[in-house]
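Asker: Predicted model and sequence below, questions to follow.
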Amino acid sequence: AAVGKRVLLIDFDPQGNATTGLGIDKTKFKNNIYNALVEGVNLKDITKATAVPNLFVLPASVDLSAAEIELDQMEEREFILKQHINTVAKDYDYVFIDCPPSLGLLTINALGAADSILIPVPEAVTVIVVGPVSPDVHVSVPPVYVPTQSVTSQVATTTSSSSLQDKNPTKSRAKKLNFN
């Protein structure tokens, strides 16, 4: 968004931290991503602009936690989010889906809608998971739900002050942990 690309962030976690993290009060809206999934509300009707130009969010609420139960009875339930995204994809350069930290039906929907996967990991863990990660992802999720994906990147979400001063923090950390 900062370089002029139109970005849609779908907050697909019932905690709604992506929504509130962008300064949006999720309690002020009648409809959110839950209403799109379960009631068929159009994504264009619930998309909210943020304070960042070109960055839009589909807000979440705690109601989304009930969606897993309600989606369980629907046909093609693993691809409902993908069907919704397809209706607005042409309006954005990038669509990001913030997933819950569990492998339930919401995450499977997100994986089924994704072209690639970006995995946020704490810096200390990046040393352990550097390298091919996609086999681990595909072991957990039946391939029928994620037919076109690859793990695009792993992103360190936290850093220590010592790693900021180090020119090669991953190599340094690997030496400290005896990974060489």
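Answerer: Received the coordinates, thanks.

Asker: Can you pull out the residues in contact with the helix or strand harbouring Leu9?
Answerer: Using DSSP states H and E, Leu9 sits in strand 7-11. Contacts with strand 7-11, where a contact means CB atoms under 8 Å, 6 or more residues apart in numbering, come from 1, 17-19, 22, 33, 47, 54-60, 81, 85, 88, 91-98, 110. The way it works is simple: take the backbone N, C-alpha and C, and place the C-beta from them, glycine included.

Asker: Just the helices from this protein, written as ranges.
Answerer: 17-21, 33-39, 43-46, 64-71, 80-86, 105-113, 123-129, 134-140, 161-165, 169-176 (DSSP state H).

Asker: Please identify the buried residues of the second one?
Answerer: Using 16 or more other CB atoms under 10 Å as the burial criterion, the residues of helix 33-39 that qualify are Ile33, Tyr34, Asn35, Ala36, Leu37, Val38.

Asker: Please apply the same query to the fourth one.
Answerer: Buried residues in helix 64-71, defined by neighbour count with 16+ other CB under 10 Å: Leu64, Ser65, Ala67, Glu68, Leu71.

Asker: With pLDDT and distance to Leu9 added, can I get those residues in JSON lines?
Answerer: Below are the buried residues of helix 64-71 laid out as JSON lines (pLDDT from 0 to 100; distance: CB to CB, whole Å):
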{"residue": "Leu64", "pLDDT": "92", "distance to Leu9": "15"}
{"residue": "Ser65", "pLDDT": "90", "distance to Leu9": "19"}
{"residue": "Ala67", "pLDDT": "90", "distance to Leu9": "18"}
{"residue": "Glu68", "pLDDT": "86", "distance to Leu9": "21"}
{"residue": "Leu71", "pLDDT": "85", "distance to Leu9": "21"}
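
Asker: Thanks a lot, catch you later.
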